[in-house]
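*Asks:* any chance you could fold what I've pasted below:
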Amino acid sequence: MRSVRFHDYGPPEVLKVDDVPNPEPGEGQLLVQVSAAGISYAEIQIRGGVMEQFAWFPDPPLPHALGFEVAGTVVKVGEGVGDEWVGRKVVGVSPTAGGYSELAVLPVAVAQALPEGLSEHEALALYGQGVVAVGVAEVADIQPKDVVLVEAAAGGVGSLLVQLAKNAGAEVIALARGEKKLALARELGADHAFDYTEADWAQRVREVAPAGVQVVLDSVGGEVSQAAFDLLAMAFGRMVVFGTASGKVPQFDPEQVYVRGVSVTGFGPRVFIQPEYGFRLRRTAFELAAAGSIKPVLGPVFPLAEAAEAHRAFEERVTTGKVILVP
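*Replies:* From the prediction side, this is the model:
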C-alpha cells in the first residue's frame, strides 16, 4: 500500500510516499480502508522535530507515518473483535498514527461508527478537535456576558470555540491571521476580530474590553500567550492553555497569577488518562453538530501525494478549518 512517511525530521519536503506492506489488525484492532485522514498541528510539530522539546512526548521510530485521525471502512478485524464491524464506516484515532496511508489499524476501543447526520469529513473534523473544543469550553466555565478571547479562531479548534462561546452567551474576541480568517471568525459569530500579527492587537482588544477579558483560550504560546495573559481581568480572569502553535511554550510569572487573582489551567492529559472523559466530550461534540448548534469548518482536501503541500499550507497559516488528506 501507499503510505506517507518521513525518514528524518525537517520541513514539509521530508514527507514522501512509500510503498509499504499492508498492516494486519492485532487483537482488539480494526483494519480500515482509509477514505480520509485529518491533519493536526501536533503532526506538523512532530514532523518538524518541535515536540522533542517536551520530555513527555516520546520520539517516534523512523521512518514514521503520521496521521492520528482516520475515517474509513472496516475491511478486517483482529482477534476478539466481532465480524459485525466489517463493512462499517468508522472514525477513530490511532495512538501510534499511520493514517496518512491507504490502510490503517485502529483499536476497536477508540473507533466509532460514523454518526448519523454527519459526513466522514465532518466527523473527522470533530473527532479530535471537537473533543478539545468542548473540553476547553467546559474547563473555562464560560458564562453569559463573559468576554472571551479565542486565539487561532479560524482553525479547527478555534472555529468551534468561537461558536461554543457565543452559544454560552459570551462576547467573543477572535484572534486570527489575515483578513480571510478574520472574516471567517466574524461569520462564525465573533463580535470582534483582530490580526495577532499586527503590533497593536492587544491595545485594540483593550479598547473593546477596557476592564480586561474574563476568559482567554490559548493555543498559540510564546509572545501571543503572554500578551493575552496580560489582558485577563483582575480577580475574575481565567486562561486555558491547550496548544503551542508558535512552537514556544507559554511563560507566566506565578507572582502575577497570585497578585492579580487570575487562574491558568492546562487542558489535555485527562483525555488520555481517562478515555471515558474523552468519549463523553466527543459524544457531546457530535450531538451539538448533528443538532446544528456547532458546525465544523472544513478546509482544503489534498491527495496523499500532496501531503507535503498540505503540511506547508497548514504551517504557513493559509488554511482555515480542518485540512484533510485522501488516498
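*Asks:* name the helices or strands packed onto the helix or strand harbouring Leu281?
*Replies:* For Leu281, the enclosing helix or strand under DSSP states H and E is helix 275-290. Packing partners of helix 275-290 (3 or more C-beta pairs under 8 Å, 6 or more residues apart in numbering; DSSP states H and E): helix 120-127, helix 129-140, helix 269-273. C-beta here means a position set from N, CA and C on the backbone, and glycine is covered the same way.
*Asks:* contacts for it next, please.
*Replies:* Contact with helix 275-290 is made by 109-110, 112, 115-118, 122-123, 126-127, 130-131, 133-135, 138, 160, 270-272, 294-296, as judged by C-beta atoms under 8 Å, 6 or more residues apart in numbering.
*Asks:* local confidence estimate at Glu223?
*Replies:* We note a pLDDT of 94 for Glu223 in this prediction.
*Asks:* next secondary structure after the helix holding Leu281?
*Replies:* Downstream of helix 275-290, the next assigned helix or strand under DSSP H and E is strand 298-303.
*Asks:* now that following strand: buried residues?
*Replies:* For strand 298-303, a neighbour-count test (16 or more other C-beta atoms under 10 Å) marks Leu298, Gly299, Pro300, Phe302 as buried.
*Asks:* wait, isn't the third one in contact with Ala313?
*Replies:* Spelled out, it's Pro300. Yes: counting by C-beta atoms under 8 Å, Pro300 does reach Ala313; the two are 6.9 Å apart.
*Asks:* find the residues that touch each one of the two.
*Replies:* Common neighbours of Pro300 and Ala313, counting by C-beta under 8 Å, 6+ apart, are Thr319, Val323.
*Asks:* now tell me which helix or strand of the protein has the poorest mean pLDDT.
*Replies:* helix 269-273 (a mean of 81; mean pLDDT, DSSP states H and E).
*Asks:* tell me the buried residues in stretch 215-227?
*Replies:* Buried residues in stretch 215-227, counted by 16+ other C-beta under 10 Å: Val215, Val216, Leu217, Asp218, Ser219, Val220, Gly221, Val224, Ser225, Gln226, Ala227.
*Asks:* now, those that are in helices?
*Replies:* Those of the buried residues of stretch 215-227 mapping onto helices are Val224, Ser225, Gln226, Ala227, per DSSP state H.
*Asks:* nearest spatial neighbour of Met234, chain-adjacent residues omitted?
*Replies:* Arg260 (5.4 Å; C-beta to C-beta, 6 or more residues apart in numbering).
*Asks:* report pLDDT for the one you found.
*Replies:* 95.
*Asks:* check contacts around it.
*Replies:* Arg260 neighbours (C-beta under 8 Å, 6+ apart): Leu232, Met234, Ala235, Gly237.
*Asks:* against Asn167, how distant is the last one?
*Replies:* Using C-beta to C-beta, to the nearest Å, we find Gly237 at a distance of 21 Å from Asn167.
*Asks:* in the stretch 51-200 of the chain, where is pLDDT below threshold?
*Replies:* Scanning the stretch 51-200 of the chain for pLDDT under 70 picks out 51-58.
*Asks:* middle-most residue in this structure, spatially?
*Replies:* Closest residue to the average C-alpha location of the chain: Gln129 at 4.0 Å, with C-alpha atoms, centre = their mean.
*Asks:* apart from its neighbours in sequence, what residue is nearest that residue?
*Replies:* With C-beta to C-beta, 6+ apart, the residue lying closest to Gln129 is Gly156, at 4.1 Å.
*Asks:* do you know how far that neighbour is from Ala291?
*Replies:* Taken as C-beta to C-beta, the span from Gly156 to Ala291 is 20 Å.
*Asks:* what's the answer for Phe194, then?
*Replies:* 31 Å.
*Asks:* rewinding a little: let me know the closest of the buried residues of strand 298-303 to Leu175.
*Replies:* Distance to Leu175 across these (C-beta to C-beta) is lowest for Gly299, with 18.2 Å.
*Asks:* enumerate every residue touching the closest one.
*Replies:* The neighbours of Gly299, taking C-beta under 8 Å, 6+ apart as the test, are Gly156, Thr319, Thr320, Gly321, Lys322, Val323, Ile324.
*Asks:* same thing but 10 Å
*Replies:* By C-beta atoms under 10 Å, 6 or more residues apart in numbering, the contact list for Gly299 reads 38-39, 121, 125, 154-156, 159, 310, 313-314, 318-324.
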